[in-house]
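S.K.: Output the structure for:
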Amino acid sequence: MNGVVIHHTVTSGTANTVNICERGYDGLPGPLCHGVIAKDGTVHLVGYGRANHAGRGDGDVLSAVIAERTLPSANETDTDGNTYFYGFECENLGDGLDPWPAAQLDAIERAAAALCRAHGWSAASVIGHREWQPGKIDPEGFTMGWLRDRVAGRLKSKPTAGDSAGSSGSTYVIKSGDTLAGIGKRFGVSWERIAQANKITAPYVIKPGQLLTIPGKASGGMYSPPPFPDGLAPGHSSPSAKGLQQALKDTGWLDPSVPFADAYGPQTQRAVAGFNRKHNLFTTGRPDDPAIGRRGWDLLHRLAYGS
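M.R.: Predicted coordinates:
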């Protein structure tokens, strides 16, 4: 990826807008962007990897974005922008009359800045659809120079705890080698909450370039482990053992180099047996018990992710 394109949706109603952007429509399959930014400032993640948002635009503009220099006027459609740009669709009718609430503008700024910060880009890497493709007018209602100034201002200062893991949450672009648990530790949020916020389910696969919503830190209360997966047992592949393996790795019981697998195999069994011995959770007479029970599951997750 080489930059960020900002759009308006020409739709109204957040649920309707998110649905269209996620599923697409006749003639253009979804996702139609990576994130939908609603009027209340919520960023709804609807896609990762390639998304059908930018369409064909001017290759000279792409070159300018990569070089982070002044953009030329778009007058050609010789380059597929979907290959090179993240896209945010912002809920607005695009008629010049529909207002842009402060919360929404703040979210646009933050989301764009988060991607720039993750990739080491400047605000010059953020462009409007109208700057990419001849004939487009979006986003209508503010200038991209104004938005880039806001993004540049945010990038001048290092992110604070409030920016990256505050009660309102943030966003993060997955890099090669990242795990949900590692991202969770960085932001002070359990990996289970990140998975839930992004609708990621077992086997919890994430990919480089994917944009995550990072939920804010829980206000008060104690950490609550995820429910024990009924049927999780040595030698079985369903339910998947990947969640167990993640927690074992994050507590040091399973070597990080061991590949994740649905199967509750020998390496996972040995790690669980060691954990059970350490915490006296093995079945009586079986000090090498490889089965994780509900008590062990809860304790393992509290040790890994509880505050």
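
S.K.: Need the residues that contact the helix or strand residue 182 falls within.
M.R.: Per DSSP states H and E: residue 182 is located in helix 180-187. Contacts to helix 180-187, defined as Cβ atoms under 8 Å, 6 or more residues apart in numbering, come from residues 164-165, 170, 172, 174, 190-191, 193-195, 200, 204, 206, 212, 214, 246-247, 249-250, 304-305. Using the backbone N, CA and C atoms, a C-beta is placed for each residue, glycine as well.

S.K.: switch to 6 Å and redo it
M.R.: 164, 165, 190, 191, 194, 195, 204, 214, 246, 250 (Cβ atoms under 6 Å, 6 or more residues apart in numbering).

S.K.: same check, this time on stretch 11-29
M.R.: Residues from elsewhere that reach stretch 11-29 (Cβ under 6 Å, 6+ apart): 9, 30, 31, 32, 33, 36, 38, 44, 46, 52, 89, 91.

S.K.: contacting residues for the first one?
M.R.: To tie it back to what came earlier, the one meant is residue 9. For residue 9, the contact set (Cβ under 6 Å, 6+ apart) comprises 17, 89, 91.

S.K.: Number of residues surrounding the closest residue to the second one other than its chain neighbours?
M.R.: Spatial nearest neighbour of residue 89, chain neighbours left out: residue 33 (4.2 Å); criterion: Cβ to Cβ, 6 or more residues apart in numbering. For residue 33, the neighbour count with other Cβ atoms under 10 Å is 26.

S.K.: how close does residue 33 sit to residue 116?
M.R.: Going from residue 33 to residue 116 by Cβ to Cβ, to the nearest Å gives 17 Å.

S.K.: mind listing what residue 89 touches?
M.R.: Contacts of residue 89 by Cβ under 6 Å, 6+ apart are 7, 9, 21, 33, 36.

S.K.: Tell me which stretches of this structure form helices.
M.R.: For the chain, the helices defined by DSSP state H occupy 14-23, 59-67, 102-119, 129-132, 144-156, 161-165, 180-187, 191-197, 242-250, 266-278, 294-305.
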